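Colleague: attaching a predicted model along with its sequence, questions to come.
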Amino acid sequence: MTPFHGPYDDGDYADGNALAGPLREIFAVDLTAASGRCAHCGAEGPVALLRVYAHAPGLVARCPSCTEVVMRLVRGPNSAWLDLRGATSIRIPLGVE
């Protein structure tokens, strides 16, 4: 795997470990309550309304409006892979709104 490289090497940054706490806060919630937007058709709605197919090596979640793949989740014995490239955004509620 090739390490990340980019044009921003001014030394004014922290490494990815700075994401540990904020990501733990977000992914400790029930993501089915989150709202997403389909990258293909732009439809928005709760993750709970996606159509989930389990007849693959993992779970494939499709948009109920256009049936394009929004999310893939594959779990192995020691790792999980979450592919969200079919979503332009996921809004995760973090408390009372």
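Modeller: Received, thanks.
Colleague: tell me the buried residues in the strand ranked longest in the chain?
Modeller: Counting residues, the longest strand found in the chain (DSSP state E) is strand 69-75. Under the neighbour-count criterion of 16 or more other CB atoms under 10 Å, strand 69-75 has 69-72 buried. The C-beta positions use only the backbone N, C-alpha and C, and glycine is treated the same way.
Colleague: among these, which one lies nearest to Pro57?
Modeller: Arg72 (9.4 Å; CB to CB).
Colleague: mind checking pLDDT for the most centrally placed residue in the chain?
Modeller: Centroid check for the chain by CA atoms, centre = their mean gives Leu84 as the closest residue, at 4.3 Å. Note on Leu84: pLDDT of 95.
Colleague: ok, so what distance separates the closest residue to it other than its chain neighbours from Val52?
Modeller: Nearest residue to Leu84, sequence neighbours excluded (CB to CB, 6 or more residues apart in numbering): Met71, at 5.6 Å. To Val52, Met71 is 9 Å away according to CB to CB, to the nearest Å.
Colleague: wait, the residue nearest to the centre of the chain touches Ile92, no?
Modeller: No: with contacts counted by CB atoms under 8 Å, Leu84 stays clear of Ile92, the gap being 11.9 Å.
Colleague: what's the spacing between the least confident helix or strand in the chain by mean pLDDT and its chain's center?
Modeller: Ranked by mean pLDDT, DSSP states H and E, the weakest helix or strand in the chain is helix 20-27, scoring a mean of 83. Offset of helix 20-27 from its chain centre (CA atoms, centre = their mean, to the nearest Å): 13 Å.
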